[in-house]
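1. after the sequence you'll find the predicted model.
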Amino acid sequence: MEEKQKTAEVKEPVSKRKKALSIVLILAACAIAIGGSWYARDRTGGAEKKQAEEKIDTSQFNADSLVGWTEDLNTRYVLAGNPEAIPMLSMVSTDTDVVKTVEPNLENVDINTPGEYEVSYDVIAYAKALKSAVDRDVRSVIHDGAKGQTCKITVNGKITVVDEETAKELKTAGKRVYGFRQNQ
């Protein structure tokens with residue numbers, strides 16, 4: 001009887017060792033599987049980064065490429081005699097996934113004299129997002145392109161400098177007049 005107890009005691013530690021060894025082997029296999037998937041993902045991510053850094057031929061873009069991505073630059077009104085209106089002209093409502101900035105070139109505009117003036121705008125657009133927009137890609141692809149390489153496109157337009165009475169009429173008609181406040 002004593003001999004059976006000794007054999008059982010010897011078998012019990014061996015059984016615990018087998019369980020511990022099995023657990024260690026399972027954990028090692030899991031670690032290898034997880035590490036392999038991370039390695040594969042990092043290799044794929046590197047390829048995606050190279051694609052994102054790929055240069056886009058920006059010579060294909062012109063003012064027509066921006067149709068629908070900036071507000072109509074031909075219908076801009078400015079209150080005469082208000083120099084505060086000039087910085088406001090850079091505030092063009094745009095899709096920031098495609099257009100980074102819009103800067104008006106106002107050398108030909110006399111802010112003090114009512115009239116219609118020819119102007120140009122330097123539009124800085126994200127090349128990848130603009131290409132996706134021109135190619136009619138899905139919205140998420142356009143959004144993903146909103147970084148990296150940019151291109152400058154010149155867009156021609158008109159600014160009409162108006163007096164206060166005309167500004168009130170335009171406001172009443174729902175038009176935006178830069179530099180005009182309704183309570184003036």
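-> Sure thing, it's come through. Numbering: from 1, shown residues only.
2. chain neighbours aside, what residue packs nearest to Asn108?
-> Leaving aside its chain neighbours, Asn108 sits nearest to Tyr117 (5.5 Å; criterion: C-beta to C-beta, 6 or more residues apart in numbering). (C-beta placed from N, C-alpha, C; glycine too.)
3. which residues touch that neighbour?
-> Tyr117 makes contacts with Asn108, Val109, Asp110, Lys158, Ile159, Thr160, Val161, as judged by C-beta atoms under 8 Å, 6 or more residues apart in numbering.
4. and the residues you listed, which of them are buried?
-> Val109, Ile159, Thr160, Val161 (16 or more other C-beta atoms under 10 Å).
5. test my guess that the last one contacts Asn108.
-> Which is Val161. No. Contact status for Val161 versus Asn108: not in contact, 11.2 Å apart, counting by C-beta atoms under 8 Å.
6. the closest residue in space to Lys175 that isn't next to it in sequence in helix, strand or coil?
-> Excluding its sequence neighbours, the residue lying closest to Lys175 (C-beta to C-beta, 6+ apart) is Tyr77, at 6.1 Å. Under the three-state scheme (DSSP: H, G, I helix; E, B strand; the rest coil), Tyr77 adopts strand.
7. separation between Tyr77 and Gly148?
-> Noted for Tyr77: a distance of 35 Å to Gly148, by C-beta to C-beta, to the nearest Å.
8. neighbour count for these two, which is higher?
-> Tyr77 (20 against 14; other C-beta atoms under 10 Å).
9. residue contacts, that one?
-> Ile159, Thr160, Val161, Val162, Ala167, Leu170, Lys175, Arg176, Val177, Tyr178 are the contacts of Tyr77 under C-beta under 8 Å, 6+ apart.
10. so which of the buried ones among the contacts of Tyr117 comes closest to Val123?
-> Ile159 (15.6 Å; C-beta to C-beta).
11. how far away is that closest one from Thr150?
-> 25 Å.
12. buried stuff in stretch 55-67?
-> Neighbour-count burial for stretch 55-67 [16+ other C-beta under 10 Å]: Ile56, Thr58, Phe61, Ala63, Ser65, Leu66.
13. wait, is the fifth one part of a strand?
-> Read that as Ser65. No. Counting by three-state DSSP, Ser65 falls outside a strand, being helix.
14. leaving out sequence neighbours, find the closest residue to it.
-> That would be Val134: by C-beta to C-beta, 6+ apart, it lies 5.4 Å from Ser65.
15. who's in contact with the one you found?
-> Applying C-beta under 8 Å, 6+ apart to Val134 gives the contacts Gln60, Phe61, Ser65.
16. lowest-confidence one in those residues?
-> Lowest-confidence member of those: Ser65, scoring 82 (pLDDT).
17. isn't Met88 right up against Gly179?
-> Yes. Using C-beta under 8 Å, Met88 makes contact with Gly179 at a distance of 6.3 Å.
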